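# Using only what follows, build the 3D model:
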Amino acid sequence: MKKTISGKSTRYLMSRFIPYFKKYRLVLVLDLFCAMLTTVCDIVLPLIIRYLTDLGINNLAALSARIILSVGALYMGLRIIDVLANYFMQNVGHVMGARIETDMRRDLFSHLQELSYSYYSNTKVGQLMARITSDLFDITEFAHHCPEEFFIAGIKIIVSFAILCSMDVWLTLIIFAIIPVMIFCSTRFNRKMRRAFKRSRNQLGEINSQVEDSLLGIRVVKSFANEDIEREKFKNGNKEFLDTKKETYKYMAGFGSSTRFFDGLMYIVVVVAGSFFMMHGKISPSDLVAYLLYVSTLLTSIRRIVEFTEQFQRGMTGIERFVEILDEPIEIDDSADAIELPDVRGNIDFENVSFKYSDGSENVLTNINLNIKQGENIALVGPSGAGKTTLCNLIPRFYDVTDGTITVDGYDIRKVTTKSLRSQIGIVQQDVYLFSGTVYENIEYGKPGATHEEIETAAKLAGAHEFISQLPDGYHTFVGERGVKLSGGQKQRISIARVFLKNPPILILDEATSALDNESEHIVQKSLSELAKGRTTLTIAHRLTTIRNATTILVLTEDGIAESGSHEELIKKKGLYHSLYSMYTDSSEK
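So this is what the prediction gives:
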């Protein structure tokens, strides 16, 4: 069984692809029926010519105008059927292929939405873009032509074989003995073509990743005047893509040339062997003419399969890369008995929680025990890499704990649906992401379908209404890709408005003001304080002066929770927190 680079067989890939025909089985049946009708003309024409030639040679007096016109009318009628059937195939058949491509793209995007943070940490977005767009472009043609071409070729080969055997068995066996050799040579080139197409697809994904990286970082590129470096990087990636295309075309050329050689060889065999058979009276001249026409029909079918092979390999490569993502396991998934998390009060408990990333050998968190009461404001401080963000990411199950249990209001978060869990948690991060669209649409993302009044209220609570009203189109101002038209403080306030609109009982603030200037920080900090009222809040603090009023401050180190208490209590201890706070205030004064 032929294997692909990823180790998946062609049979396996087809077994994953064929179910997409289920919705369109009626269209497929009609398409194949029309494909069968289009073969009638090709099969009947040699018989008509054989009949007329036989009359012309053996019984010319019987060849009348009526017979000629009747045969012509018959063939014309078949041609009309052929045209109508071909129109259906080209129109409805192609639409079926496009619908299958659309269904596959939908399933791929849906699966990508389910994959965990860890998958995206190890995968380039440009590669994913290639797989969800260009990799599936060839599926339309593949889905339409794959069953159609093989069905037509199968009919023509079987019917041609039967008719040729009725004329001369030995000559037919001689011709068909060449086909296995032809298939053997073609198969060798096929394997190399598949690998070349796969490398070409991968390199295209690399180019997409590089272009995305360069264009999204264009301000950094220009600020360092490194346009030439980016051009050189793109030039190298583009050249590698050209090299893979060269390799692809080399194998395609070898494939096409070998089939053309066998194409000519079969014609020579028919002409030479057929002439000898005719010379010895084993085949009539009319049969030889029909024989040549049927061999031409046979070779046309084989040639169409050969021409389709490139498309077939492109399609199979697209299916392979499609299946590779669909086979990625969903690490964070609802258990079979998962329940909806009821209205949350905000009590969170960590019981002997340990965690390590799948590609890491060391624990990031070890035996964390933590009890957070409803409405408490918990601040997390400590050196970089101590696991503060990781600890917060475990609560909404962006990652699953390695050991231990996390509960919300007594419910194990692994026993409730992720949707109901995450709907109860609001997150404000340092790196704000705004979608390309309007201010209104970005705030509404917190509660799809919210009224204008609700959105405006959320903006006011976040301290964003005033600056939004001064924008050219107010709430309907286009923010640009990733909110590029807004300042850092403005983007952060919109993200806070989004969380206000969501109105969750649990709030996670991940260094939400660390990237802002002093003025913006003061405004945003005021919004965050308003947001935290009445909610269970976890704050990851970079600027320690912002968490002095926290209910409890946890000092997290690589060894776990080193210190715990209020600001005043920890300052009096003169421990690690006292050192961190003194270091921060000293550097701030300077």
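# Run through the stretch 351-500 of the chain and note the low-pLDDT ranges.
Residue ranges of the stretch 351-500 of the chain with pLDDT under 70: 359-361, 482.
# where does D586 land on pLDDT?
For D586, the pLDDT comes out at 56.
# Please apply the same query to L30.
92.
# Where does the residue nearest to it when sequence neighbours are not counted fall, secondary structure wise?
Nearest residue to L30 in three dimensions, chain neighbours excluded: F88, at 6.9 Å (CB to CB, 6 or more residues apart in numbering). Just so you know, the C-beta spots here come from the backbone N, C-alpha and C atoms, and that holds for glycine as well. Under the criterion of DSSP states H and E, F88 resides in helix 65-88.
# low-scoring pLDDT stretches of the stretch 151-300 of the chain, where are they?
216, 219-220, 222-224.
# Which stretches in it count as helices?
Here the stretch 151-300 of the chain has its helices, by DSSP state H, counting those that start in this stretch, at 169-216, 218-223, 227-279, 285-326.
# and among those helices, the most buried is which?
Across these, averaging neighbours per residue (mean count of other CB atoms under 10 Å) puts helix 285-326 on top, at a mean of 20.
# and that helix, how far from the chain's centre?
29 Å (CA atoms, centre = their mean, to the nearest Å).
# in the very next helix or strand once past it, what's buried?
Using DSSP H and E, the next helix or strand after helix 285-326 towards the C-terminus is strand 348-355. Burial within strand 348-355, assessed by neighbour count using 16 or more other CB atoms under 10 Å, is assigned to 348-351, 353, 355.
# Just give me the neighbour total for the residue nearest to L30.
Residues near F88, counting by other CB atoms under 10 Å, number 17.
# so who does it touch?
For F88, the contact set (CB atoms under 8 Å, 6 or more residues apart in numbering) comprises 30-31, 34.
# re the thing from before, which one of the buried residues of strand 348-355 is nearest E441?
I348 (31.6 Å; CB to CB).
# Report the separation between the closest residue to the closest one other than its chain neighbours and D409.
Leaving aside its chain neighbours, I348 sits nearest to I372 (4.2 Å; criterion: CB to CB, 6+ apart). Per CB to CB, to the nearest Å, I372 is found 11 Å from D409.
# Which of those two has more residues huddled nearby?
More crowded of I372 and D409, by other CB under 10 Å: I372, with 22 against 18.
# that older thread, need the overlap of contacts for I372 and D409.
346-347.
# all strands of the stretch 451-590 of the chain, in order?
506-510, 536-540, 552-557, 560-565 (DSSP state E, counting those that start in this stretch).
# Select, out of those strands, the one closest to G483.
Comparing these by CB to CB, strand 506-510 comes nearest, at 17.6 Å.
# Starting from the closest one, tell me which strands it pairs with and how they run.
Applying DSSP bridges, strand 506-510 is found paired with strand 425-429 (parallel), strand 536-540 (parallel).
# show me the residues around the most centrally placed residue in the chain that make contact.
Against the mean C-alpha coordinate of the chain, by CA atoms, centre = their mean, the closest residue is I132 at 3.4 Å. Neighbour list for I132: 105, 108-109, 112 [criterion: CB under 8 Å, 6+ apart].
# Quick one: those residues as CSV, columns for secondary structure, neighbour count and distance to T39 too.
Output for those, formatted as CSV (DSSP: H, G, I helix; E, B strand; the rest coil; neighbours: other CB atoms under 10 Å; distance: CB to CB, whole Å):
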residue, secondary structure, neighbour count, distance to T39
R105, helix, 17, 33
L108, helix, 20, 35
F109, helix, 12, 39
L112, helix, 17, 42
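# Would you agree the residue nearest to I348 is in contact with R345?
No: the criterion here is CB atoms under 8 Å, and I372 misses it with R345 at 11.2 Å.
# Now render the strands of the stretch 451-590 of the chain as CSV, adding distance to M279 and mean pLDDT.
Formatted as CSV, the strands of the stretch 451-590 of the chain follow (distance: least, CB to CB, whole Å; pLDDT from 0 to 100):
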stretch, distance to M279, mean pLDDT
strand 506-510, 91, 89
strand 536-540, 94, 90
strand 552-557, 97, 89
strand 560-565, 97, 88
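# of all those strands, which lies closest to G274?
G274 lies closest to strand 506-510 among the strands of the stretch 451-590 of the chain, at 81.4 Å (CB to CB).
# got the angle for that closest one vs strand 348-355?
Using axes from the mean of the first three to the mean of the last three CA atoms, to 10 degrees, one finds that strand 506-510 and strand 348-355 are set 50 degrees apart in direction.
# In strand 506-510, which residues are buried?
Of the residues in strand 506-510, those buried (16+ other CB under 10 Å) are 506-510.
# ok, now stretch 392-409?
For stretch 392-409, the buried set under the neighbour-count rule, 16+ other CB under 10 Å, comprises 392-399, 401-402, 404, 406-409.
# Quickly name whichever of those residues is closest to E453.
P396 (28.6 Å).
# Look up the closest residue to F500, ignoring the ones flanking it.
Closest residue to F500 apart from its sequence neighbours, by CB to CB, 6+ apart: A458 at 4.0 Å.
# so how many other residues sit close to that neighbour?
For A458, using other CB under 10 Å, the count is 26.
# give me every residue that touches it.
A458 makes contact with 443, 446, 450, 497-498, 500-501, according to CB under 8 Å, 6+ apart.
# and L128, what does it touch?
Contacts of L128 by CB under 8 Å, 6+ apart are 112, 325.
# Please name the bridge partners of E351.
E351 has these beta-bridge partners by DSSP bridges: T405.
# That one contacts T405, correct?
Yes: between E351 and T405 there is a contact at 4.7 Å, judged by CB under 8 Å.
# thinking again about what came up before, so of the strands paired with strand 506-510, which one's packed in deepest?
Of the strands paired with strand 506-510, strand 536-540 is the most buried (mean count of other CB under 10 Å), at a mean of 25.
# Now that one - C-alpha only, CSV.
Extracted C-alpha coordinates of strand 536-540, given in CSV (Å, rounded to 0.1, in the frame of the first residue of the first chain):
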residue,chain,number,x,y,z
THR,A,536,-13.4,37.5,42.2
THR,A,537,-10.2,39.0,40.7
LEU,A,538,-6.7,37.7,40.0
THR,A,539,-4.2,40.3,39.1
ILE,A,540,-0.8,39.5,37.7
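# What lies in contact with it?
Counting by CB under 8 Å, 6+ apart, 346-348, 372-380, 388-389, 392, 395, 505-512, 532, 546-547, 550 sit against strand 536-540.
# what about Y440, which SS state?
Secondary structure, DSSP: H, G, I helix; E, B strand; the rest coil: Y440 is helix.
# roughly how far apart are it and K156?
Y440 is 61 Å from K156, by CB to CB.
# T10 now?
For T10, the distance to K156 - CB to CB - is 23 Å.
# for E558, same thing?
72 Å.
# Which one of those two is surrounded by more residues?
Comparing E558 with K156 by other CB under 10 Å, the one with more neighbours is K156, at 20 against 15.
# and the gap between that one and M36?
Distance from K156 to M36, by CB to CB: 10 Å.
# what do you get for N503?
Remark: distance between N503 and M36 (CB to CB) = 62 Å.
# Which one (most neighbours) among the contacts of F88?
So for those (other CB under 10 Å), the most neighbours sit at D31, 23 neighbours.
# thought that one was touching M96?
Yes: D31 is within contact range of M96, at 6.8 Å (criterion: CB under 8 Å).
# Any chance you could list residues touching both of the two?
Common neighbours of D31 and M96, using CB under 8 Å, 6+ apart, are H144.
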